[in-house]
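*Asks:* Okay, predicted coordinates and the sequence, questions at the end:
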Amino acid sequence: MKKNLRPLFQNMAIIMAGSLLLTIVSCSKDTSTETEELTATEVISAIELKYSDEAEMISEEISTLAEDVFASDEISSTAKSDYHSDYLPDCVTVTVVLTDTTKEVTLDFGEGCELRNGNHVAGLVHLSYAKDFEAATNTIELNLESFMFNGVAVEGSSSIVRVRSNENGNPQGTANANFTATWPDGATASFTGTRTREWIEGFGTGFWGDNVFLITGKRTYVSQAGNEFVKEVTTPLRREMSCRFIVSGVLEISRLGNTVSLDFGDGTCDAKGTLSYPDGTQEEIFLRRFMN
């Protein structure tokens, strides 16, 4: 009696097709994983660059809050007049504790508060500094408590050395910061190092929108993947407070002896930057999770 071999051939075909499909999926998965990992010659991925740039902006905004509060006290004291800055929003609660030599200020943004430039913050910022506002230098100690910035949880502290007048005759703050950030998607990063902010325009006007800073310095950034980057400003970064982004300047990013440069542009307020590679090629990129 002859056996019907058709079912056997059909089963073999199904098995072979299934094996082929498994192989394709497996190869595809391996390929996608490899593209997410940095090789020894690659410096930074597009995803890491966005998180890194946003971390810089968070640190910059925190320093701005501290220096604005201190500047208000400094101007009121030295000018012997009642000066008020309009940078802090109405939704923040300010608590002041005075000792014989120090002033301690707590900024409480509650569960959510929008800054003048549209960034959203929550939690507490603790500041402490000497009451001698006529001194050439003063140090602002800053600590965060349950602090959130645009949905990013931020922990850490900063020590800001404030100079009343630098060699250019401008106020200047040098922040030695150590922060850790956790994004809503679970990504984490740490950023430590020193940045100097020279207040070149708008000091003492009382209007936050005309304040302009030039930023220099060097920091270390460690991404969620554990990749460590050294980030050094080679052309001062220009921060105009009326814009949520750095508008010009050049930042060099180095990893394992390889370096790329990030040019923030010609002064236009946008989230674009130009990334230049060691071989001379360039690429326009978009920074931050938000664009407005």
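*Replies:* In hand now; what should we look at?

*Asks:* can we go C-alpha only for contacts and neighbour counts from here?
*Replies:* Will do.

*Asks:* what helix or strand does residue 49 sit in?
*Replies:* Taking DSSP states H and E as the definition, one finds residue 49 inside helix 46-78.

*Asks:* on contacts alone, who are the packing partners of that helix?
*Replies:* strand 137-149, strand 172-182 (3 or more C-alpha pairs under 8 Å, 6 or more residues apart in numbering; DSSP states H and E).

*Asks:* May I see those strands organised as CSV, with mean pLDDT and distance to residue 106 added?
*Replies:* Listed next are the helices and strands packed on helix 46-78 as CSV, based on pLDDT from 0 to 100; distance: least, C-alpha to C-alpha, whole Å:
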stretch, mean pLDDT, distance to residue 106
strand 137-149, 98, 10
strand 172-182, 96, 18
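
*Asks:* Redo the ones you listed as TSV? Include distance to residue 255 and mean neighbour count.
*Replies:* Below are the helices and strands packed on helix 46-78 laid out as TSV (distance: least, C-alpha to C-alpha, whole Å; neighbours: other C-alpha atoms under 10 Å):
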stretch	distance to residue 255	mean neighbour count
strand 137-149	27	19
strand 172-182	20	21
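
*Asks:* Serialize those to a markdown table and add fields for distance to residue 276.
*Replies:* A markdown table is the format used below for the helices and strands packed on helix 46-78 (distance: least, C-alpha to C-alpha, whole Å):
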| stretch | distance to residue 276 |
| --- | --- |
| strand 137-149 | 29 |
| strand 172-182 | 27 |
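
*Asks:* Looking at those strands, spot the one closest to residue 242.
*Replies:* Evaluated with C-alpha to C-alpha, those place strand 137-149 nearest to residue 242, the distance being 17.9 Å.

*Asks:* so where's this protein uncertain?
*Replies:* For the chain, applying pLDDT under 70 flags the ranges 1-41, 80-81, 288-292.

*Asks:* which residues of it fall in helices?
*Replies:* Here the chain has its helices, by DSSP state H, at 6-36, 46-78.

*Asks:* wait, what's in contact with residue 87?
*Replies:* Neighbouring residues of residue 87 by C-alpha atoms under 8 Å, 6 or more residues apart in numbering: 68, 115-116, 207-208.

*Asks:* and the angle from the helix holding residue 49 to strand 137-149?
*Replies:* Angle, helix 46-78 to strand 137-149, by axes from the mean of the first three to the mean of the last three C-alpha atoms, to 10 degrees: 130 degrees.

*Asks:* what sits opposite the spatially closest residue to residue 265 that is not a sequence neighbour in the beta ladder?
*Replies:* Among residues not flanking residue 265 along the chain, residue 248 sits closest, at 4.7 Å (C-alpha to C-alpha, 6 or more residues apart in numbering). Applying DSSP bridges to residue 248 gives these bridge partners: residue 238, residue 266.

*Asks:* How about residue 231?
*Replies:* Applying DSSP bridges to residue 231 gives these bridge partners: residue 219, residue 253.

*Asks:* For burial, what's the neighbour tally of it?
*Replies:* By other C-alpha atoms under 10 Å, the residues close to residue 231 number 23.
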